[in-house]
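Undergrad: compute the structure for the input listed below.
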Amino acid sequence: MVKEPVIWRHVGALDDIPRQRARTVATPHGAFVAFRTLDDRLIARDDRCPHKGGVMAQGIVHGPSVTCPLHSWVIDLADCKAMDPDEGCVEAIWLEERRILLGIGS
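TA: Numbering: from 1, shown residues only. Below you'll find the model as predicted:
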């Protein structure tokens, strides 16, 4: 099976997202969310909580983590894993300098 090349799509700039907030991007593969931390790191993830599918873009960003609004699971933005005592992880993606690029393809 031949994989499609990854196509990089510009979806905004770092400054489009206020610190400690998120921006959702719809794609043919589902929704993704970009979180901007207080120290200007940008971390992109699948927009679904690994627990019950809560919308992560509606969560609260605090330090290097985001708390799911549905059941208060805390997800570490560095490794995408739920913090103890919860388990699970979300998918990772994207960023080039201050431009947000989303890789779409397989």
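Undergrad: for residue 20, give me phi and psi.
TA: Torsion angles at residue 20 (phi, psi; degrees, to the nearest 10) stand at phi 60, psi 30.
Undergrad: looking at it, it is touching residue 38, isn't it?
TA: Yes - look at residue 20 against residue 38 with CB atoms under 8 Å: they come within range, at 5.5 Å. Any C-beta I mention is one placed from the backbone N, CA and C, and that applies to glycine too.
Undergrad: which of the two has more neighbours?
TA: residue 20 (14 against 11; other CB atoms under 10 Å).
Undergrad: contacting residues for the more buried one?
TA: By CB atoms under 8 Å, 6 or more residues apart in numbering, the contact set of residue 20 is 36, 37, 38, 61, 62.
Undergrad: what's the spacing between it and residue 8?
TA: Separation of residue 20 from residue 8 (CB to CB, to the nearest Å): 26 Å.
Undergrad: and what of residue 70?
TA: Taken as CB to CB, the span from residue 70 to residue 8 is 31 Å.
Undergrad: now residue 21
TA: In this view, residue 21 and residue 8 are 23 Å apart by CB to CB.
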